[in-house]
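Trainee: predicted model, plus sequence, below.
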Amino acid sequence: GQNIDQPTEMTATEGAIVQINCTYQTSGFNGLFWYQQHAGEAPTFLSYNVLDGLEEKGRFSSFLSRSKGYSYLLLKELQMKDSASYLCAVRDQDYKLSFGAGTTVTVRA
Amino acid sequence: DGGITQSPKYLFRKEGQNVTLSCEQNLNHDAMYWYRQDPGQGLRLIYYSQIVNDFQKGDIAEGYSVSREKKESFPLTVTSAQKNPTAFYLCASSISGTSGSETQYFGPGTRLLVL
């Protein structure tokens, strides 16, 4: 089975930086995804990592260390619209995705 | 516009009743998936299909059934055997289901409530 852990909640101020950590233990590894989900809506794709290192996309960056089973999503210059749940998901050897419970980020003015 | 549609947005089920959730995509994707989302838990895979007329059980298939008669459509039936059906149900699709890098795209979801 899969085990994916991420913090339940985080709070930060508008304009600040927040880092959401994700640790995982899976049977096989075919990449790690981050999704954003606003309350009551569909998850939307943010990033994909399969090799070690940092992937940067505008205000969002994602890091992966396969040897440590660890990833983080970095959100810079936080805006109110970034208040959402952030889901870490790992693709296993059978190409199925397993999701963490999600981290709810609240951005305060 | 290409995308995934789910209907209805809200669905109410009575005791002992089967209900069917609709999922349609016009992205020409081969693979389709059904997930269940409960508060405080991650998305859990119910069923998935990588080709028409074939589907596989996910981690929590008991009490659910699916069909894949057309590439565009992957309806999910919640049967009376599912004793705790109240949840947010998400349908997703991806190009093939056999590539590490491909993204899954999600529909807007159906919220199922038991009367």
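Mentor: All right, it came through fine. Residues are numbered from 1 along each chain as shown, chains lettered A, B, ... in the order given.
Trainee: what about stretch B:102-115, average pLDDT?
Mentor: Mean pLDDT, stretch B:102-115: 94.
Trainee: next: stretch A:71-82.
Mentor: Across stretch A:71-82, the average pLDDT comes to 98.
Trainee: mind checking the end-to-end distance for it?
Mentor: 19 Å (C-alpha to C-alpha, to the nearest Å).
Trainee: okay, buried residues for that stretch please.
Mentor: By neighbour count on 16 or more other C-beta atoms under 10 Å in any protein chain shown, the buried set for stretch A:71-82 is A:Ser71, A:Tyr72, A:Leu73, A:Leu75, A:Leu78, A:Asp82. For glycine as for every other residue, the C-beta is placed from the backbone atoms N, C-alpha and C.
Trainee: same thing with stretch A:47-63?
Mentor: Buried, per 16+ other C-beta under 10 Å, within stretch A:47-63: A:Ser47, A:Tyr48, A:Asn49, A:Phe60, A:Ser61, A:Ser62, A:Phe63.
Trainee: so which of those are in helices?
Mentor: The helices in this structure, assigned by DSSP state H, contain none of these.
Trainee: same list, those, but only the ones touching chain B.
Mentor: Filtering the buried residues of stretch A:47-63 for neighbours of chain B using C-beta under 8 Å from any C-beta of the partner chain leaves A:Tyr48.
Trainee: now flag whichever of the buried residues of stretch A:47-63 is closest to chain B.
Mentor: A:Tyr48 (6.1 Å; C-beta to the nearest C-beta).
Trainee: contacting residues around the closest one?
Mentor: Listed by C-beta atoms under 8 Å, 6 or more residues apart in numbering or on different chains, the contact set of A:Tyr48 reads A:Gly31, A:Leu32, A:Phe33, A:Trp34, A:Glu55, A:Ser62, B:Ser101, B:Thr103.
Trainee: element containing the third one?
Mentor: Okay, so that is A:Phe33. strand A:32-37 (DSSP states H and E).
Trainee: who does that strand pair with, and is each partner parallel or antiparallel?
Mentor: When pairing is defined by DSSP bridges, strand A:32-37 lines up against strand A:44-49 (antiparallel), strand A:84-91 (antiparallel).
Trainee: what average pLDDT does the first one get?
Mentor: Per-residue pLDDT values across strand A:44-49 average out to 96.
Trainee: tell me how far it is from the chain's mean position?
Mentor: 8 Å (C-alpha atoms, centre = their mean, to the nearest Å).
Trainee: kindly report the same for stretch A:25-35.
Mentor: 11 Å.
Trainee: quick one: end-to-end distance for that stretch.
Mentor: Stretch A:25-35 stretches 19 Å from its first residue to its last (C-alpha to C-alpha).
Trainee: quick one: buried residues of it?
Mentor: For stretch A:25-35, by 16+ other C-beta under 10 Å, it's A:Thr26, A:Phe29, A:Asn30, A:Gly31, A:Leu32, A:Phe33, A:Trp34, A:Tyr35.
Trainee: ok, for the last one, nearest residue in space, not its chain neighbours?
Mentor: With C-beta to C-beta, 6 or more residues apart in numbering or on different chains as the measure, A:Pro43 is the residue that lies nearest to A:Tyr35, at 3.9 Å, once sequence neighbours are left out.
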